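Asker: Take this sequence and fold it.
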Amino acid sequence: MSTRREILALASGAAVTAVALPTPAVAGGRDDGWAATWAAAPTTIPPGPPLELTGRTVRQVVHTSAGGDQLRIRLTNEFGATPLHVGEVHVAIRAGSGASTDARPGTDRRVTFSGQRSATVPAGAPLLSDPVGLSVTPGADLVISLYLPDRTPVTTLAAFAFQENAIAAGNVTGAARITATSTITQYLFLSGVSVRSGAGTVVTLGDSITNGANTETNANHRWPDLLAARFRKAGIGLGVANVGVSGNRLLHDPNPPAGDPAETFAAYFAQSALRRFDRDVLAQPGARHLVVLLGVNDLGHPGTVAPPSEVVTAADLIAGHRQLIARARQAGLRTHGATILPFKGDTLGFFTPENERKRSALNRWIRTSGEYDEVIDFDAAVRDTADPLRLAPAYDSGDHLHPNDAGMAAMAAAIRLSGFQHP
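Answerer: Okay, the predicted model is just below:
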């Protein structure tokens, strides 16, 4: 199957209902020393026939944040209607950079599940691997290879990876270099990597700005990646689990109007942050801190890719944020609230004077209410000093909504590291 066909096929598929995971007893750092070093929030697919893979190896590149001498891999079939059979899984340190999917010689390890080299992931569930003895340097890249021997519909994925991954014929999971039959920019059936590290995890919950939209592909310039780099430079051992999802809303699931073109992609926006919170945040190993950047899609989607009936007020958004704070604190997490970036002139039709009033009211509450343990003022970091309702031109990716790579760096630089040095 050609690259183009595989990528286009991901824009269709039959939606199924997810099974949310319960809040784990290990949330808040009570996890025997495991911490997330990488994460991707799984989503379902839009209506229509899904991409199917048979006898293929999917090799995926993940950029770690924290290091350790052991790791575990979390597979996901959380939106699958049938069990997922994985014939073999290997992990290695990546050789090279950019779009390379080569494995560094001498680092390849087979991954087992309850001692077995193959695994069956139940429908609607994740599956955690056995510990793997592999020394991971903080900030290293891994290549994780999954062999799918059977006819496998791709129903669970992270649709916007901003990283090129490879699909190859046959079982080449242990090969140092593979010959790709196609390249994709999604993560398939993979939602997390954890390492043996006692420092704990920062979970970043957000939308496309947190996910890294409009940043350079294969460069790891998302602001959570750059925050993790600052942690490493400062000697802070925390891992960062980025569960930002492009198009995500705080209060509503995707709900494109019938017949709207958005029906072909809106499922990738994921369940609302309130709905996916337990699975994507509290289930992260060693979770100790939560950073929240959410609200712009709640303002912009109604009337564009969602029904006008889903218009929200500033009070609605504040109530949603209060729920995130309460649930995080109940699990022992310290909360960090980030102000919403300006978006006047955006090319998606989000900006209106009324939406600006709501954004300003939400930001004022985040800054002054004292309800979040820490405040991160992303708005102040990237706004245009000549017109504070707009992104600064130097930080604008071109759509007047998403920051470019320099804007991501400015956001990461605006975060006070001292706020993460609390237990």
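
Asker: Now do stretch 416-423: distance to the chain's middle.
Answerer: 22 Å (CA atoms, centre = their mean, to the nearest Å).

Asker: mind listing what the nearest residue to F269 once chain neighbours are set aside touches?
Answerer: Nearest non-adjacent residue to F269, counting by CB to CB, 6 or more residues apart in numbering: G247, 3.2 Å away. For glycine as for every other residue, the C-beta is placed from the backbone atoms N, C-alpha and C. By CB atoms under 8 Å, 6 or more residues apart in numbering, the contact set of G247 is 207-208, 254, 266, 268-270, 297, 301, 305.

Asker: Now flag whichever of those residues is closest to Y147.
Answerer: Nearest to Y147 out of these is Y268 (CB to CB; 25.2 Å).

Asker: Could you give the number of residues near the closest residue to the closest one other than its chain neighbours?
Answerer: Closest residue in space to Y268, ignoring its immediate chain neighbours: A159 at 3.9 Å, by CB to CB, 6+ apart. Applying other CB atoms under 10 Å, we find 26 residues neighbouring A159.

Asker: Go ahead and confirm A159 touches P254.
Answerer: No - A159 is beyond contact range of P254, at 11.7 Å (criterion: CB atoms under 8 Å).

Asker: what do these two both touch?
Answerer: Counting by CB under 8 Å, 6+ apart, the residues touching both A159 and P254 are Y268.

Asker: quick one: contacts for the residue positioned nearest the centre of the chain?
Answerer: Nearest to the mean C-alpha position of the chain, by CA atoms, centre = their mean, lies V243 at 3.2 Å. By CB under 8 Å, 6+ apart, the residues touching V243 are 39-41, 203-206, 276, 280-281, 284.

Asker: any chance you could map the helices in the stretch 101-250 of the chain?
Answerer: Ranges of helices in the stretch 101-250 of the chain, per DSSP state H, counting those that start in this stretch, are 208-211, 223-234.

Asker: TSV please, covering those helices and showing mean neighbour count.
Answerer: TSV is the format used below for the helices of the stretch 101-250 of the chain (neighbours: other CB atoms under 10 Å):
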stretch	mean neighbour count
helix 208-211	25
helix 223-234	21
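
Asker: Quick check: which of the ones you listed is nearest to S65?
Answerer: helix 223-234 (3.7 Å).

Asker: give me the number of residues near the residue nearest to E52 when sequence neighbours are not counted?
Answerer: With sequence-adjacent residues excluded and distances taken as CB to CB, 6+ apart, E52 is closest to P153, at 5.2 Å. The tally of other residues near P153 (other CB under 10 Å) stands at 17.

Asker: cool, and the one 3 residues further on?
Answerer: Burial measure for T156: 28 neighbouring residues, criterion other CB under 10 Å.

Asker: Tell me the confidence at it?
Answerer: pLDDT for T156: 99.

Asker: List the residues that contact it.
Answerer: 42-44, 76-80, 84, 188-189.

Asker: so R72 is in which element?
Answerer: Element membership for R72 (DSSP states H and E) is strand 68-76.

Asker: List the contacts of that strand.
Answerer: By CB under 8 Å, 6+ apart, strand 68-76 touches 34-35, 37, 42, 84, 86, 89, 91, 111, 119, 121, 126-136, 142, 144, 146, 156, 189-197.

Asker: buried stuff in that strand?
Answerer: 68, 70-76 (16 or more other CB atoms under 10 Å).

Asker: What's the end-to-end length of stretch 246-263?
Answerer: Using CA to CA, to the nearest Å, one end of stretch 246-263 lies 15 Å from the other.

Asker: chain center to that stretch, what's the gap?
Answerer: 18 Å.

Asker: Likewise for stretch 337-344?
Answerer: 19 Å.

Asker: buried residues in that stretch?
Answerer: 337-344.

Asker: Dump the helices of the stretch 101-250 of the chain into JSON lines; add distance to T54 and mean pLDDT as well.
Answerer: Formatted as JSON lines, the helices of the stretch 101-250 of the chain follow (distance: least, CB to CB, whole Å; pLDDT from 0 to 100):
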{"stretch": "helix 208-211", "distance to T54": "30", "mean pLDDT": "99"}
{"stretch": "helix 223-234", "distance to T54": "34", "mean pLDDT": "99"}
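
Asker: No further questions, thank you.
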